[in-house]
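[1] Structure of the sequence below:
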Amino acid sequence: MNNYGFINKIYDGVVEVIGLKDAKYGEMINFESFEKGIVFSLNKNNVNIVLLDNFQNLKQGQKCFCTDKVFEIPVGFELIGKILNSKGECLNIKTKLKTKKTDVIEKIAPGVMDRESVNEPLLTGIKSIDCMIPIGKGQRELIIGDRQTGKTTIALDTIINQKDKNVICIYVCIGQKISSLINVINKLKKFNCLDYTIIIAATASNSAAEQYIAPYTGCTIGEYFRDLGKDCLIVYDDLTKHAWAYRQISLLLKRPPGREAYPGDVFYLHSRLLERSSKVNKFFLEKNKIFNKNNGTLTAFPIIETLEGDVTSFI
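    As a prediction, this is how the structure comes out:
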């Protein structure tokens, strides 16, 4: 078994390791100094690992080990009202969060035959949207615009409007300033929305790897509630910063850059995330051995920031 290796090079949040012949893509790796990382690239002579923790304690020649496990996060009703980081660790309580179940963050989206037609509205509380372009439960609706045009406000108003409507809301902060996140939390607290809301925080001060996995963490939690027959709303604020984080990781890994230095699979990055939002049917539940009377839904509000109204930009 070649389940250990040694650090060869350390970049900004990315580690090149020699060895780890048994490593698999997406596998969790433990380091001697207790940091954790995810296998992101398998090469002929080395393995590239993206770190989920601070890399200050890592040194060249340090040992690391395979875990034979893919990255998992805790899921459950215990998460409601909590502020979590990308790894599913609670930030607003000192005690360790205990849940009965964990789940992987990378999943295949439900196929066409696993979906039910969208026929139930998700009311945003904004009359112009609900009357002219109503949003259905299980749908994906893009919010696009320049800076300071009210994109986050639309998403927050929708979350506030879900009060007493049995909809679980997830707000994923990606690459935002900490002050902006605090304003969002204070607004949700003001309207008592944390009783049915989960916040995933990966601010600009977090590493590119944490910003990269944040939306997948939020989506996995949303899928857990969907499979229980619940209606769930998830807001990705915003996916432009998510693409930037992925571009940074890809350039550090020396992957061939394309237009605007984005890697070639940048569209697959978001398509595989947004396709997981759906209204599933009984066939999907039976196939996955989930026994519920209700068909759950996962509705997505991805936010994209444009530059001077350029809606034809690459992302």
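[2] which regions of the stretch 51-200 of the chain lie under the pLDDT threshold?
    95 (pLDDT under 70).
[3] How are the strands of it distributed by residue range?
    For the stretch 51-200 of the chain, applying DSSP state E, counting those that start in this stretch gives strands covering 63-70, 72-75, 83-84, 101-104, 143-145, 167-174, 197-202.
[4] Give me the residues contacting the fourth one.
    Judged by CB atoms under 8 Å, 6 or more residues apart in numbering, the contacts made with strand 101-104 from elsewhere in the structure are 70-76, 220, 223-224. All C-beta atoms are positioned from the backbone trio N, CA, C, and that covers glycine.
[5] And the third one, by the same measure?
    Applying CB under 8 Å, 6+ apart, the contact partners of strand 83-84 are 90-92, 185, 198-201, 217.
[6] Name the member of these with the most neighbours.
    Of these, I200 is surrounded by the most neighbours, 29 neighbours in total, counting by other CB atoms under 10 Å.
[7] element containing C219, please.
    Using DSSP states H and E, the element containing C219 is helix 208-227.
[8] I meant to write G5 there.
    Judged by DSSP H and E, G5 forms part of strand 4-10.
[9] Mind checking the pLDDT average for that strand?
    In this model, strand 4-10 carries a mean pLDDT of 92.
[10] same for it, what does it pack against?
    Counting by 3 or more CB pairs under 8 Å, 6 or more residues apart in numbering; DSSP states H and E, the packing neighbours recorded for strand 4-10 are strand 14-19, strand 63-70.
[11] thinking again about what came up before, can you redo the contacts of strand 83-84 as TSV with distance to S41?
    Conversion of the contacts of strand 83-84 to TSV gives the following (distance: CB to CB, whole Å):
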residue	distance to S41
C90	31
L91	29
N92	34
I185	35
I198	31
I199	31
I200	25
A201	27
T217	21
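[12] now, among those residues, which is nearest to C64?
    The shortest approach to C64 among these belongs to T217, at 22.9 Å (CB to CB).
[13] List the contacts of the closest one.
    The contact partners of T217, taken as CB under 8 Å, 6+ apart, are 73, 84, 86-88, 105, 172, 200.
[14] Output these as TSV; include the columns distance to V39.
    Below are these laid out as TSV (distance: CB to CB, whole Å):
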residue	distance to V39
I73	17
L84	23
S86	17
K87	16
G88	19
I105	14
V172	23
I200	22
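[15] Ends of stretch 284-292, what's the gap?
    End-to-end distance of stretch 284-292 (CA to CA, to the nearest Å): 11 Å.
[16] And stretch 166-185, by the same measure?
    Across stretch 166-185, the terminal residues are separated by 20 Å (CA to CA).
[17] so how many other residues sit close to N8?
    The number of residues near N8, taken as other CB under 10 Å, comes to 15.
[18] try F301
    By other CB under 10 Å, the residues close to F301 number 26.
[19] Let me know the secondary structure of the closest residue to it other than its chain neighbours.
    Once its chain neighbours are removed from consideration, F301 has its nearest residue in V235; the separation is 4.5 Å (CB to CB, 6 or more residues apart in numbering). On the three-state scheme (DSSP: H, G, I helix; E, B strand; the rest coil), V235 is labelled strand.
[20] need the contact list for V235.
    By CB under 8 Å, 6+ apart, the residues touching V235 are 155, 158-159, 169-172, 300-301, 303.
[21] top of those by neighbour count?
    Highest neighbour count within the contacts of V235: V172, with 30 neighbours (other CB under 10 Å).
[22] residue contacts, that one?
    Taking CB under 8 Å, 6+ apart as the definition of contact, the neighbours of V172 are 200, 202, 214-215, 217-218, 234-237.
[23] how many neighbours does K96 have?
    Counted by other CB under 10 Å, the residues lying close to K96 total 8.
[24] one step back: and the contacts of V235, which is closest to A209?
    After measuring these against A209 - CB to CB - the closest member comes out as V172, at 15.2 Å.
[25] With adjacent residues omitted, what lies nearest to that closest one?
    G218 (4.0 Å).
[26] what about the one you found, how many residues close to it?
    When neighbours are counted by other CB under 10 Å, G218 registers 28.
[27] Check V112 too.
    5.
[28] E89 now?
    Residues near E89, counting by other CB under 10 Å, number 12.
[29] residues in contact with the spatially closest residue to it that is not a sequence neighbour?
    The spatially closest residue to E89, leaving aside those adjacent along the chain, is L97, at 7.1 Å (CB to CB, 6+ apart). Contacts for L97 were tallied using CB under 8 Å, 6+ apart; they are 74, 78-79, 82, 88-90.
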